[in-house]
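Here is a sequence together with a model predicted from it:
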Amino acid sequence: MANGVFHTGYGIEINLTLPDLDHPNRPGLLEEITAPIDRRERELLECLEHHREGACQAEEDGRSPWMTIRRRTVGGHTTWVAAHLPVRHTPTAEESAKHKAMKERIARAAERHGLDAQVEARASDGRIRTDVLVTGDGGRRIGWEAQYSPISADTVRRRSRTAAEHGIVPLWVTNTDRSAVIERAPWARVDDFSWKEIASPLAMVVRAGVRHLQQWKCLPSSLRPCPENGSACGRFHAEWFLPALCLPAKPPTEVDRLVVDSASGDFVPMRIPSQRDPRHVSRMWVPAADRDSWHDMFGPDKDEDAPAEPQARDADITYTHQELDATCRYGEETFTFNDPRPRRGNSAGTGLHTFDDVPRRLFTVPRQDRRLAATQAERLDAAFAHGCQPWQIGPCAGCGAPINRYGDNGIHACAPCRAQLAGR
């Protein structure tokens, strides 16, 4: 990341490590250069090395010489850095054909099930909000975005927030795991079919982006190895798995089915921060029942309804007062800034949460001491009353009274406690 840029409008060099950017006579300069790309000229800021030498390292790797200013946080300190913008991409004929075919398929699937579908839905101001707007019976609106051409992370965030501001839940569908939509907004990935296959009745399975909740006690007898140590830790795990990796396996979700189930609320988007580092977030579509089970265990995430991964959080900027460096730094340790998503395969990607005990709020009946507080005579009287052997008498899980707990017809709670629970 570079610590300075060239301003093509004013013809000045800007040092991002100084509070006044080395131009104290221009108080509004910072707001101008940090404005989103769609609100300023794309060629406003230029790589210093490209300006001075006529070429830079980024161009050799297919990037443009034009720059954007972003925040970068390392070791708790946030600074301004300049990053190269990608070369503008014009969708190829094949990408455009796939995009059109996917929009038409989503609309057909919705209308086939009696849902309203609007292709290229526009707001009152005339701006396109979403590729296909699907509205369910309950008024739930899903904004499908068929993304077959490269897109920037900033564009994904901006368009997702715009959709949310108009009461639309965004759903991005892509054909590649390199897309910027993955983990940055509600998403789904499908196979890279041709436009003819997309337009045909051929089933399109969602390969990633849809998961199911699995919960288990981590014991040597468990069907799954411990995700923490590969063996058995004796604790409880809750994790989100692709349908084929569930035990037992779940049927795969097809795109046509997701069109309907997302609009009906049977599938909902979830945002799950990593248990170890809340900054690492996994996004997925899940069954509503699994979402409710997760909330019972861990409670809802305060940012769960956020339509997109947030930008770097506002923080006090640290100005390091360095000399202006005109060397193009493209490609040098920039992956953490250019792609802040968690690496594939870590706990953030599957939402793994490990806990020592089942939360008490999940027990319908209050937990009781396993020992029966009864004399031998009281045990004998209870055995006679319940028609069982004395050693089959145990405590009611609700009130602790002696009942037939361990006999052939044993029960977990006495009749009054069961009746009380049934009336809740």
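Looks like it arrived, so ask away. Numbers count the residues shown, from 1 in each chain.

Okay, buried residues for the longest helix seen in the chain please.
If you go by DSSP state H, the chain has its longest helix at helix 93-112. Buried residues in helix 93-112, counted by 16 or more other CB atoms under 10 Å: 95, 97-107, 109-110. For every residue, glycine as well, the C-beta is placed using N, CA and C.

C-terminal to that helix, what's the next element?
strand 116-122 (DSSP states H and E).

Packing partners of that following strand?
The criterion is 3 or more CB pairs under 8 Å, 6 or more residues apart in numbering; DSSP states H and E, and the helices and strands that strand 116-122 contacts are helix 93-112, strand 128-135.

chain center to it, what's the gap?
Distance of strand 116-122 from its chain centroid, counting by CA atoms, centre = their mean, to the nearest Å, is 25 Å.

With stretch 131-147 instead?
The chain centroid and the centroid of stretch 131-147 are separated by 18 Å under CA atoms, centre = their mean.

Where does the prediction get shaky in the stretch 51-200 of the chain?
For the stretch 51-200 of the chain, residues meeting the criterion pLDDT under 70 lie at 60-62, 75, 88-90, 123-128.

if we go to 80?
The stretch 51-200 of the chain contains residues with pLDDT under 80 at 58-63, 73-76, 86-92, 122-129, 152-154.

Let's have the buried residues of helix 93-112 in CSV, adding distance to Pro201.
Listed next are the buried residues of helix 93-112 as CSV, based on distance: CB to CB, whole Å:
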residue, distance to Pro201
Glu95, 23
Ala97, 18
Lys98, 17
His99, 19
Lys100, 17
Ala101, 13
Met102, 14
Lys103, 17
Glu104, 13
Arg105, 10
Ile106, 14
Ala107, 15
Ala109, 11
Ala110, 16
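
For the longest helix of the chain, give me every contacting residue.
Contacts to helix 93-112, defined as CB atoms under 8 Å, 6 or more residues apart in numbering, come from residues 91, 116-120, 131-132, 134, 144, 146-149, 173, 175, 193-196, 198-199, 204, 255-256, 259-260, 263.

Then stretch 10-22?
Residues contacting stretch 10-22 (CB under 8 Å, 6+ apart): 2-7, 23, 26, 29-30, 33, 45, 48, 69, 79-82, 319-322, 324.

Give me the buried subset of those.
2-7, 23, 29-30, 33, 45, 48, 69, 79-82, 324.

Can you tell me the SS state at His237?
For His237, the assignment made with DSSP: H, G, I helix; E, B strand; the rest coil gives strand.

distance of it from Glu228?
8 Å (CB to CB, to the nearest Å).

out of those two, which sits in the more crowded spot?
Using other CB atoms under 10 Å, the more surrounded residue of His237 and Glu228 is His237, with 19 against 14.

That one: what's it in contact with?
With CB under 8 Å, 6+ apart, His237 has these contacts: Gln215, Trp216, Cys218, Arg224, Cys226, Pro227, Glu228, Leu352, His353, Thr354.

What remains of those residues if I keep only buried residues?
For these, buried by 16+ other CB under 10 Å: Cys218, Cys226, Leu352, His353, Thr354.

Dump these into a markdown table; add secondary structure, pLDDT and distance to Pro65 as well.
Output for the buried ones among the contacts of His237, formatted as a markdown table (DSSP: H, G, I helix; E, B strand; the rest coil; pLDDT from 0 to 100; distance: CB to CB, whole Å):
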| residue | secondary structure | pLDDT | distance to Pro65 |
| --- | --- | --- | --- |
| Cys218 | coil | 93 | 53 |
| Cys226 | coil | 93 | 50 |
| Leu352 | coil | 91 | 42 |
| His353 | strand | 91 | 45 |
| Thr354 | strand | 90 | 48 |
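
Just the closest of these to Tyr330, please.
Using CB to CB, Leu352 comes nearest to Tyr330 of these, at 34.8 Å.

Run a quick check on the closest one versus Pro227, I expect a contact.
Yes. Here Leu352 reaches Pro227: they are 5.6 Å apart, a contact under CB atoms under 8 Å.

Show me the common contact partners of those two, please.
Common neighbours of Leu352 and Pro227 (CB under 8 Å, 6+ apart) are His237, Glu239.

thought Cys246 was touching His212?
Yes. Using CB under 8 Å, Cys246 makes contact with His212 at a distance of 5.2 Å.

higher neighbour count, those two?
His212 (19 against 15).

Report the contact partners of the more buried one.
His212 makes contact with Trp240, Phe241, Leu242, Pro243, Cys246, Lys250, Val286, Pro287, Asp290 under the criterion CB under 8 Å, 6+ apart.

Kindly report the same for Ser231.
Pro220, Pro225.

which secondary structure element contains it?
In this assignment (DSSP H and E), Ser231 forms part of neither any helix nor any strand.

Roughly how far does it sit from Ala164?
For Ser231, the distance to Ala164 - CB to CB - is 43 Å.

again, but for Arg129
Taken as CB to CB, the span from Arg129 to Ala164 is 10 Å.

what about these two, which has more around it?
Arg129 (21 against 17).

correct me, but the more buried one touches Thr162?
Yes. Using CB under 8 Å, Arg129 is in contact with Thr162, at 6.5 Å.

who touches both of His237 and Glu228?
With CB under 8 Å, 6+ apart as the test, His237 and Glu228 both reach Cys218, Thr354.

can you list the domains in the chain?
Using automatic domain parsing, the domains assigned to the chain come out as 4-88+314-338, 93-210+253-311, 363-422.

okay, those domains, which one's buried deepest?
Per residue and on average, the most neighbours among the domains of the chain fall to domain 93-210+253-311, with a mean of 18 (mean count of other CB atoms under 10 Å).

CSV for the buried ones among the contacts of His237, including distance to Cys388?
Below are the buried ones among the contacts of His237 laid out as CSV (distance: CB to CB, whole Å):
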residue, distance to Cys388
Cys218, 35
Cys226, 40
Leu352, 44
His353, 41
Thr354, 40
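
No further questions, thank you.
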